[in-house]
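A.B. asks: My questions concern the predicted model and sequence given below.
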Amino acid sequence: MEEHLLYPGHPKFEPKKWNKKYVLKSHNCYAYAMNTVKKRFVKTCKKFDKLSTKRKTLKKRQLREKLINIYDNWDWQIIEPNKDICPYIRPQIGAFSKTVKTLYRSLFDVNSKNIEKMLLKDNPKIKKLKKTDKCPWGYYRIYLYTWKNTKKKKGDYHFLRQDNTGLWSHKNGVGKARLLKITPEIYISGLKAKYLLEGKTIDICGYYAVPIKGRRNLGSLYYI
């Protein structure tokens, strides 16, 4: 077992914590990678869920007009409206530092360079790692990649997180926290074959070390 995994407070796989209704709906892969549940997001999600359909529609329109390109792409498209109750509240890279406004100007600006810049602006204490680098003591390891759909000119990012067992897990958008039981490289190789048929390409950002102690900053487009 790698030494850094023994550090007290290292993230562990806790599906019951992450799969509670309003945590599930108001947090995503970014929150999961930062191992942070924001009470504010949960509270806002509960309130939003109780709004009338008319008020939800109005709020949705207001948010889209304010940040149209971002909302058109990230967590905006609701596949199952009755289940995805809080698509606007989930945290997004660059929202805390507000760099999302300058680095994400169009639907096709999701790339490893811009995403990494926004990640490190949000949380400057995160360290970039090479694949062969050891994770420092007092840190845990995450993995980040982006994808694009060249036909629809849209893209997104996704995080994987290493837990204290050495295994990797993730939370895909509004989905449940799940254990991978495979390395990021194997996970990506499987995705590439699938994405090729869907017209998507993958851009690897790589590994990062996140400090276990101290605050991890998460911002939501809902509050910008």
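C.D. replies: Yep, it's here.
A.B. asks: wait, doesn't Tyr30 sit right on Leu218?
C.D. replies: Yes. Between Tyr30 and Leu218 there is a contact at 6.9 Å, judged by C-beta atoms under 8 Å. In short, each C-beta sits where N, CA and C put it, glycine included.
A.B. asks: Find residues that contact each of these two.
C.D. replies: Pro91 (C-beta atoms under 8 Å, 6 or more residues apart in numbering).
A.B. asks: measure stretch 115-133 end to end?
C.D. replies: The first residue of stretch 115-133 is 21 Å away from its last residue (C-alpha to C-alpha, to the nearest Å).
A.B. asks: Residues touching that stretch, excluding its own?
C.D. replies: 34, 93-97, 99-100, 103-104, 135-136, 139, 141, 144, 146, 157, 205-211, 214, 216-219.
A.B. asks: looking at this structure, which residue lies furthest from center?
C.D. replies: No residue in the chain has its C-alpha farther from the mean C-alpha position than Lys54, which lies at 28.8 Å (C-alpha atoms, centre = their mean).
A.B. asks: And that one, how far from Lys25?
C.D. replies: The spacing between Lys54 and Lys25, counted by C-beta to C-beta, to the nearest Å, is 20 Å.
A.B. asks: And Ala33, by the same measure?
C.D. replies: 18 Å.
A.B. asks: between these two, which one's more packed in?
C.D. replies: Ala33 (26 against 23; other C-beta atoms under 10 Å).
A.B. asks: separation between that one and Ser26?
C.D. replies: 15 Å.
A.B. asks: How about Ile224?
C.D. replies: Ile224 is 16 Å from Ser26, by C-beta to C-beta.
A.B. asks: Enumerate every residue touching the residue nearest the centre of the chain.
C.D. replies: With distances taken as C-alpha atoms, centre = their mean, the chain has Tyr30 as the residue nearest its mean C-alpha position (2.5 Å). Applying C-beta under 8 Å, 6+ apart, we find Tyr30 in contact with 90-93, 157, 159, 218.
A.B. asks: Output those residues as a markdown table; include the columns distance to Phe41 and pLDDT.
C.D. replies: Shown next, in a markdown table, are the contacts of Tyr30 (distance: C-beta to C-beta, whole Å; pLDDT from 0 to 100):
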| residue | distance to Phe41 | pLDDT |
| --- | --- | --- |
| Arg90 | 7 | 91 |
| Pro91 | 7 | 93 |
| Gln92 | 12 | 90 |
| Ile93 | 15 | 92 |
| Tyr157 | 18 | 92 |
| Phe159 | 17 | 98 |
| Leu218 | 8 | 97 |
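A.B. asks: Highest neighbour count among those?
C.D. replies: Ile93 (29 neighbours).
A.B. asks: does it really touch Tyr157, like I thought?
C.D. replies: Yes. Look at Ile93 against Tyr157 with C-beta under 8 Å: they come within range, at 6.6 Å.
A.B. asks: does Arg178 sit in a helix or strand, and which one?
C.D. replies: Applying DSSP states H and E as the criterion places Arg178 in strand 177-179.
A.B. asks: Sheet partners, orientation included, of that strand?
C.D. replies: When pairing is defined by DSSP bridges, strand 177-179 lines up against strand 168-171 (antiparallel).
A.B. asks: before we move on, back to that, now the one helix or strand the residue nearest to the centre of the chain maps to, how far from the centre of its chain.
C.D. replies: For Tyr30, the element it lies in under DSSP H and E is helix 29-33. On the basis of C-alpha atoms, centre = their mean, to the nearest Å, helix 29-33 sits 4 Å off its chain's mean C-alpha point.
A.B. asks: Restricting to C-alpha, output it in CSV.
C.D. replies: These are the backbone C-alpha positions of helix 29-33, laid out as CSV (Å, rounded to 0.1, in the frame of the first residue of the first chain):
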residue,chain,number,x,y,z
CYS,A,29,-17.7,14.6,-9.8
TYR,A,30,-15.9,17.9,-8.9
ALA,A,31,-17.4,17.9,-5.4
TYR,A,32,-16.6,14.2,-5.1
ALA,A,33,-13.0,14.8,-6.2
